[in-house]
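In: Below is the sequence, then the predicted model.
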Amino acid sequence: MEAEPKTIKDFIEILKRRKWSVILPALIVFAIAVAVAFILSPIFRSTGTILIEEQEIPREYVMSTVTSYAEQRIQSISQRIMSSTRLLEVINRFNLYADLRQKWTIEEVIEKMRKDIKFQMISANVIDRRTGMKTEASIAFTVSYDGKNPSVVQQVANVLASLYLEENLKVRERYTVGAVKFIEDEMKDIQAKLAELDARIRGYKEKHPYTLPELNQLNIQELERIERTIEQLDIQLHTSKEKEEALQTQLANTPPDLANPTNSDKVRLKELRVKLISLKVRYSDQYPDVNKTKAEIAELEKKLKIPSGEEIEEKPDNPAYITLASQLASTRSEIDSVKKQIAAFQERRDEYRLRIENSPRVEEAYRALNVERNNLQAKYDDLMKKYMETKVASGLEKEQMGERFTLIDPPRMPEKPVSPNMLAIVLIGFILGIGSGVGTASLKEYSDHSVRSAEALTQATGITVLASIPEILTSHDIQRIKRRRITFIVSIVLLIIVGILIFHFFIMDLDVFWARLLRRLGKLGI
């Protein structure tokens with residue numbers, strides 16, 4: 001049998017016929033929604049807004065030691081605050097989740113608190129100083145806490161905001177102190193290395209005092225001066241030798257003594273002494289010639305007043321000879337002096353040549369030491385500059401003139417719950433109730449194959465209906481319908497009373513429910 005098209009009149013008849021199938025499910029679902037809206041505990045939220053303020057002094061003048069982005073630092077701070085230890089301290093301090101702690105584990109309670117804490121960044125479009133282009137930057141953030149008790153919610157939110165402020169100060173101080181300590185340790189290490197290197201350079205200088213690179217030019221100049229001096233001394237020596245030869249020639253041609261009898265006696269005495277020595281070699285002392293020679297020697301010694309056996313002083317008495325001899329002695333002394341000077345200067349020349357030969361090798365090692373020291377000194381100077389900048393940045397942080405968090409909107413006492421949304425729950429319950437009623441009626445209608453009109457009967461059987469007899473209600477039928485209505489109304493009333501009693505004794509006291517209802521309606525402005 002094909003489905004018969006439905007008209008508006010048919011739908012009205014169905015609605016009249018299935019009115020209780022629509023009303024009862026709708027009432028039940030709507031009542032459940034209303035009960036849920038009033039049974040659910042209200043959740044309050046307190047929110048604090050923290051502003052991220054830039055440092056007061058321009059970065060061109062003072063560079064902060066905290067180089068991380070604010071978002072990165074905030075996330076790091078959040079991880080510390082959301083740690084189990086910190087949250088457990090807050091839970092114990094305010095006795096949060098007292099009912100849940102009896103049924104849940106500590107980890108579950110802490111996870112519950114993490115879900116109740118809300119964190120949100122606030123961004124704005126700003127001009128980037130480096131690129132001059134618009135970019136999105138975080139300028140503030142909010143931290144919120146959800147709970148059932150408005151006063152406790154506000155206190156917890158205040159504690160959370162304070163933790164963010166305190167942790168930011170600690171993080172920045174830790175960064176600053178860590179940077180100062182690191183640079184100080186590096187400077188001490190560099191100073192120790194410089195001292196060690198200076199000692200090595202000083203020892204190297206002491207080991208090679210005359211071959212250092214800075215003395216190389218001086219050594220070359222000194223070597224050239226010595227060589228010029230040696231050349232001059234060679235010339236002087238050559239001149240002195242020529243002078244010596246000339247004096248020797250003159251002296252050989254000049255008699256040492258003038259004509260004098262005493263001088264002949266001295267010559268004769270010398271000859272006798274030589275003769276006596278020759279005789280003694282061949283003869284004994286008693287030999288006549290020996291005695292005769294001794295007697296002559298004694299006579300001459302007595303005459304010349306010379307003690308026996310004493311050498312004869314040969315003093316020339318020729319003034320010219322004496323002058324030439326004196327000049328010759330002076331020239332020879334000068335020659336000896338010049339030779340000694342030449343030898344001394346040659347020794348010094350060899351020494352300076354050795355210095356110059358060793359200079360490249362010494363210079364290479366010395367330059368390597370100096371390069372290493374210059375590198376260390378440059379590193380130390382760079383560290384000193386950074387150390388001074390870090391000290392200035394440390395003062396900036398101590399005076400709280402750097403980038404900081406400021407609580408511009410402290411958490412307030414929440415006056416209106418954020419959940420549950422009673423109006424939305426009731427509206428959804430109303431819509432679901434209507435839908436469930438219409439669905440129930442539709443299900444019953446389409447599962448019922450009863451024929452309710454002459455047209456439906458003709459279509460179903462193919463036989464023309466000659467007449468239709470309307471429903472005839474007797475007084476007994478009317479009484480039965482009235483009793484059914486009364487029974488239904490009484491059942492509904494009893495059901496409501498039983499529901500109220502169950503709600504009062506097992507769910508919530510009616511006085512408390514009425515007070516909460518009035519407070520909710522007052523907050524909604526009804």
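Out: Nice, I can see it.
In: what's the weakest-modelled helix or strand in the chain?
Out: Lowest on mean pLDDT, DSSP states H and E among the helices and strands of the chain sits helix 454-461, with a mean of 64.
In: Next SSE downstream of that one?
Out: Heading C-terminal from helix 454-461, the first helix or strand you meet, by DSSP states H and E, is helix 475-502.
In: Return the list of helices and strands in contact with that following helix.
Out: If contacts are counted by 3 or more CB pairs under 8 Å, 6 or more residues apart in numbering; DSSP states H and E, helix 475-502 sits against no helix or strand. In short, each C-beta sits where N, CA and C put it, glycine included.
In: Pull out the buried positions in it.
Out: Buried residues in helix 475-502, counting neighbours by 16 or more other CB atoms under 10 Å, are absent.
In: again, but for stretch 271-278
Out: The neighbour-count check on stretch 271-278 (16+ other CB under 10 Å) flags Leu272, Arg273, Leu276 as buried.
In: And for stretch 138-146?
Out: Under the neighbour-count criterion of 16+ other CB under 10 Å, stretch 138-146 has Ala140, Phe141, Thr142, Val143, Ser144, Tyr145, Asp146 buried.
In: any idea whether the first one is helix, strand or coil?
Out: When classified by DSSP: H, G, I helix; E, B strand; the rest coil, Ala140 comes out as strand.
In: do the last one as well
Out: Put simply, Asp146 is strand when judged by three-state DSSP.
In: Quick check: beta-bridge partners of it?
Out: Asp146 has these beta-bridge partners by DSSP bridges: Arg45.
In: That one: what's it in contact with?
Out: Neighbouring residues of Asp146 by CB atoms under 8 Å, 6 or more residues apart in numbering: Ile43, Phe44, Arg45, Asp116, Ile117, Lys118, Val153, Val418, Ser419.
In: ok, 7 Å please
Out: Asp146 is in contact with Ile43, Arg45, Asp116, Lys118, Val418, counting by CB atoms under 7 Å, 6 or more residues apart in numbering.
In: From those, list just the buried residues.
Out: For the contacts of Asp146, a burial check counting by 16+ other CB under 10 Å picks out Arg45, Asp116.
In: so which helix or strand takes in Thr47?
Out: Using DSSP H and E, Thr47 sits in strand 44-53.
In: counting contacts, what elements does the helix or strand following that strand pack onto?
Out: Following strand 44-53 in sequence order, the next helix or strand is helix 70-81 (DSSP H and E). Helix 70-81 sits against strand 134-147, helix 150-207, with contacts defined as 3 or more CB pairs under 7 Å, 6 or more residues apart in numbering; DSSP states H and E.
In: Could you list the domains of this structure?
Out: The chain breaks down by automatic domain parsing into domains covering 16-40+421-446, 44-172+399-409, 215-380, 454-526.
In: residue boundaries of the strands in the stretch 201-350 of the chain?
Out: Secondary structure of the stretch 201-350 of the chain (DSSP state E, counting those that start in this stretch): no strands located.
In: low-confidence ranges in it?
Out: Across the stretch 201-350 of the chain, residues meeting the criterion (pLDDT under 70) sit at 255-267, 269-270, 304-318.
In: And for Ala252, the neighbour number?
Out: 8 (other CB atoms under 10 Å).
In: and the gap between it and Ser326?
Out: 16 Å (CB to CB, to the nearest Å).
In: And Phe513, by the same measure?
Out: Separation of Phe513 from Ser326 (CB to CB) stands at 150 Å.
In: More neighbours: the two, which one.
Out: Applying other CB under 10 Å to Phe513 and Ser326 shows that Phe513 carries more neighbours, namely 16 against 11.
In: Only alpha carbons, please: show the helix or strand that the more buried one is a member of as PDB.
Out: Per DSSP H and E: Phe513 is located in helix 510-523. What follows is helix 510-523, C-alpha atoms only, in PDB (Å, rounded to 0.1, in the frame of the first residue of the first chain):
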ATOM      1  CA  LEU A 510      14.500  22.500  48.900                       C
ATOM      2  CA  ASP A 511      15.400  25.600  50.900                       C
ATOM      3  CA  VAL A 512      18.900  25.600  49.500                       C
ATOM      4  CA  PHE A 513      17.500  25.000  46.000                       C
ATOM      5  CA  TRP A 514      15.100  27.900  46.400                       C
ATOM      6  CA  ALA A 515      17.900  30.200  47.600                       C
ATOM      7  CA  ARG A 516      20.200  29.200  44.700                       C
ATOM      8  CA  LEU A 517      17.300  29.600  42.300                       C
ATOM      9  CA  LEU A 518      16.600  33.100  43.500                       C
ATOM     10  CA  ARG A 519      20.300  34.000  43.400                       C
ATOM     11  CA  ARG A 520      20.600  32.700  39.800                       C
ATOM     12  CA  LEU A 521      17.500  34.500  38.700                       C
ATOM     13  CA  GLY A 522      18.800  37.700  40.300                       C
ATOM     14  CA  LYS A 523      22.200  37.400  38.500                       C
END
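In: Perfect, I'm done here.
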